[in-house]
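[1] this one's sequence-less:
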């Protein structure tokens, strides 16, 4: 694994801030023109961080047995246990490794907080020892190249960044990211829907919230005005124009507006509504984190985890059906069991993010909230124990996600539900893969 | 109009801050115990403000003609134009006056910003001269009394406020408010769903955002944690308990949690999801306003109107179907035309709020953002012209709402769509009625 483009990015990219609150360590890159409303364009676009798999073993997820109960196919026909297993396992071939809910290759988690973790120091590119995850096949190179070509044209079209920052944009490697996360997309056009949104989300996060001109001060205003690029304002003729013009006034809003326009062109109205809701959640999460940052407050662990359910990758896996060219009906999406599965999966991916960015955040000035730091601070344990406990939290969330997904597939034996659940699982795996291949940005702490 | 309970409230209630940003004028009432997380219980609960109708005349709303096109009844049968007119006009009898999209009694708006407004000073209880609105029949007294009895029991059950504040709670008169806004609710049980939520929303607004211990500082954290009472956290066994306990730790969260529990017991999963989304929008709106407040920033008029589309009554009219005992299907709710109608209606109700609270906010210390103030400041016009232009903005929004609602009813000839649109219109009218009957709190400026 690992690929060229990520490694070609300049060192400044590696210092980009990840995830948790940290207006304290603002270090705008040369050329970033910060204004009261943020800079007029952002820079490197990357949200996650990751590492590498080793020590695989086969493991059954809790509840998979239940998921092998008879399942009616679309139209009500009942599928055999074998057919369901095939469905859960998903297709095989390039880019399909994440498409299953049946047993996959995993790395087993350690048994408890004080339990032994796998011995030996991880090498560069190794995974966090003891992390529970599923490796994926290398994403299709042809798709990656084509998505890369198109996303750069789009970035140029919306004036996302100045020309001399192209290398940094390449280093983001969003094409490989999105191809890895959406192995069942029927076309590059479909993958582009996710790719534009991912770039746009990172532009807003970078420019409004984090290093590149961002700040917790005034963030509520900036995020709401950006949100209107997703959820349009309906006002009088005189004032409608001012709002419309504002959507072109900086790179984050240009990115949101254009990416959303493409998305709504392909999504159903209910899928667009779902996305808006998930983005409102994301923006609420940013604002909770910013509030703590402004006050220098370290939240309780449960408070941090609550915030991270909002400041979260959720808007990315939940568009898996639009990107897959089908629709999980709104009523099935809204069911409490589906909402729980989505929340658990999204929460697990977000903790992965905290774990891989740990040393980078530690090396930056100021205190940066992430799960290991919050556990250490709030539970009075050392850095190593805080980190190892965060790995456990991640693993428990992953196991819960898989168990509840399997139970939901069994309880709601509708093919579109199973496909959606597979899509979410594929996104979780692809996201981890992408973090893993960004080894130029991350290194693991010296805890083993 | 006008009723006993509202007028019995102590003068402190009348000084409660309304709508727009104003952490500057915090004047906690005696006994409000503010803590880092806000007080453990709130006080008077009231969001809106209003006045009284006069000078009615019959007026056609634009687009009503279109709405009289043939409409299929449920199941696909086509209704006659007459049947549709009856549907749009809605039932007659106590509490049903707002249930129509056909011509209603209105007060006509003035023609332009500098145009003449109705002459003569409005008396106490008169409407804003030139305001376009629909008077409603007095809400059913029996229902009001029963809702009042039950909401007070609920307030006691969740320890919403200390016993000596009962008179102030009565002064909120939320029972009359909700009965007026939901004339088609099949039972008091149904009205209670809306009543608990309205009380809870006001408790959060009062205690977290406004006078009663609220502040823009740390608001992002408080609102997110309160939002988890509506949109539950899914985390590990160890931390789940801390979150669950937090939902009982102050009155706003106890109110959200309990009101939402009742609501989800009656709503479909999609209706609950819709409500969560609208509440996420509301919380984003609060946070944009708080950001301006912290910076002493006066936004552009279009920015203010954008914020007010989020910090908005929207979560109240959009539960009209749950309270009415039916469901607008998620796919029909999500359609862009329906989203536009909902936004226009909600925006109109919010400007009503700004207009009736104008003098009260003017009399309080600090600068309080509301539409008249923002227009005056940003467009360099006097207080009177700013106010009169805000009336026009309201009227344009109301006319646009009614025109688009009628067009949507014609374009989507499904009875449940028409009923939902009628429900939104009834909420708009009931909300104005409630503002109107709170004359002890509001007086109009001396502009006529």
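    Perfect, thanks for sending it. Worth saying up front: this structure is predicted, and the values here are computed from it rather than measured.

[2] My guess is residue A:313 contacts residue A:430. True?
    No: judged on C-beta atoms under 8 Å, residue A:313 makes no contact with residue A:430 at a distance of 10.9 Å. In this view, the C-beta of every residue, glycine as well, is placed from N, C-alpha and C.

[3] which residues do those two both contact?
    Residues touching both residue A:313 and residue A:430 (C-beta atoms under 8 Å, 6 or more residues apart in numbering or on different chains): none.

[4] Helices of the stretch 301-448 of chain A, residue ranges please.
    A:301-308, A:320-324, A:330-334, A:336-356, A:358-363, A:371-379, A:383-411, A:415-436 (DSSP state H, counting those that start in this stretch).

[5] Quick one, which of those helices gets closest to residue B:218.
    helix A:301-308 (11.9 Å; C-beta to C-beta).

[6] Tell me which residues are up against that closest one.
    A:285, A:288-289, A:292, A:299, A:347, A:350-351, A:354, A:369, A:371, A:374-375, A:378-379, A:393, B:221, B:224-225, B:228, B:233, B:235-236, B:239-243, B:246.

[7] low-confidence ranges in chain A?
    A:1-120, A:211-214, A:440-441 (pLDDT under 70).

[8] which of the contacts of helix A:301-308 count as buried?
    In the contacts of helix A:301-308, burial by neighbour count holds for A:285, A:288-289, A:292, A:299, A:347, A:350-351, A:354, A:369, A:371, A:374-375, A:378, A:393, B:221, B:224-225, B:228, B:233, B:235-236, B:239, B:242-243, B:246, counting by 16 or more other C-beta atoms under 10 Å in any protein chain shown.

[9] number of nearby residues for residue A:187?
    When counting by other C-beta atoms under 10 Å in any protein chain shown, one arrives at 11 neighbours for residue A:187.

[10] Next one: the closest residue in space to it that isn't next to it in sequence from residue A:184, what distance?
    Take residue A:187 and drop its neighbours on the chain: the residue closest to it by C-beta to C-beta, 6 or more residues apart in numbering or on different chains is residue A:325, 7.8 Å away. Using C-beta to C-beta, to the nearest Å, we find residue A:325 at a distance of 9 Å from residue A:184.

[11] Neighbour count for the two, which is higher?
    Counted by other C-beta under 10 Å, residue A:325 and residue A:184 do not tie: residue A:184 has more neighbours, with 21 against 14.

[12] Find the residue at the geometric middle of chain A.
    Centroid-nearest residue in chain A: residue A:313, 3.4 Å away (criterion: C-alpha atoms, centre = their mean).

[13] Can you tell me the closest non-neighbouring residue to that residue?
    That would be residue A:349: by C-beta to C-beta, 6+ apart, it lies 4.6 Å from residue A:313.

[14] Residue A:239 too?
    Counting by C-beta to C-beta, 6+ apart, the residue nearest residue A:239 is residue B:302, at 4.2 Å.

[15] Quick check: that neighbour vs residue B:169, distance?
    Taken as C-beta to C-beta, the span from residue B:302 to residue B:169 is 37 Å.

[16] Next: residue A:268.
    When residue A:268 is compared with residue B:169 (using C-beta to C-beta), they lie 44 Å apart.

[17] quick one: which of these two has more around it?
    residue B:169 (24 against 17).

[18] can you give me the strands for chain A?
    A:57-59, A:71-72, A:78-79, A:104-106 (DSSP state E).

[19] ok, how many other residues are close to residue A:353?
    Neighbours of residue A:353 (other C-beta under 10 Å): 26.

[20] Hmm, it is touching residue A:435, no?
    Yes: judged on C-beta under 8 Å, residue A:353 makes contact with residue A:435 at a distance of 7.1 Å.

[21] Residue A:283: neighbouring residues, count only.
    Residue A:283 has 29 nearby residues by other C-beta under 10 Å.

[22] nearest residue to it other than its sequence neighbours?
    Nearest one to residue A:283, counting by C-beta to C-beta, 6+ apart, is residue A:223 at 4.5 Å.

[23] What residues does the stretch 301-448 of chain A have near chain B?
    By C-beta under 8 Å from any C-beta of the partner chain, the residues of the stretch 301-448 of chain A that approach chain B are A:301-303, A:305-307, A:309-310, A:329-331, A:333-336, A:339-340, A:343-344, A:347, A:393, A:396-397, A:400.

[24] Would you mind measuring from residue A:381 to chain B?
    14 Å (C-beta to the nearest C-beta, to the nearest Å).

[25] In contact with the nearest residue to that residue once chain neighbours are set aside, which residues are there?
    By the measure of C-beta to C-beta, 6+ apart, the closest residue to residue A:381 outside its immediate chain neighbours is residue A:375, 6.8 Å from it. Contact analysis of residue A:375 by C-beta under 8 Å, 6+ apart lists A:301, A:381, A:385, A:386, A:389, A:390, A:393.

[26] how about 7 Å then?
    Residue A:375 sits next to A:301, A:381, A:386, A:389, A:390 when contact means C-beta atoms under 7 Å, 6 or more residues apart in numbering or on different chains.

[27] likewise residue A:283?
    A:223, A:227, B:284.

[28] measure the last one to residue A:284 for me?
    What that stands for is residue B:284. 6 Å.

[29] same check, this time on the second one
    In this view, residue A:227 and residue A:284 are 10 Å apart by C-beta to C-beta.
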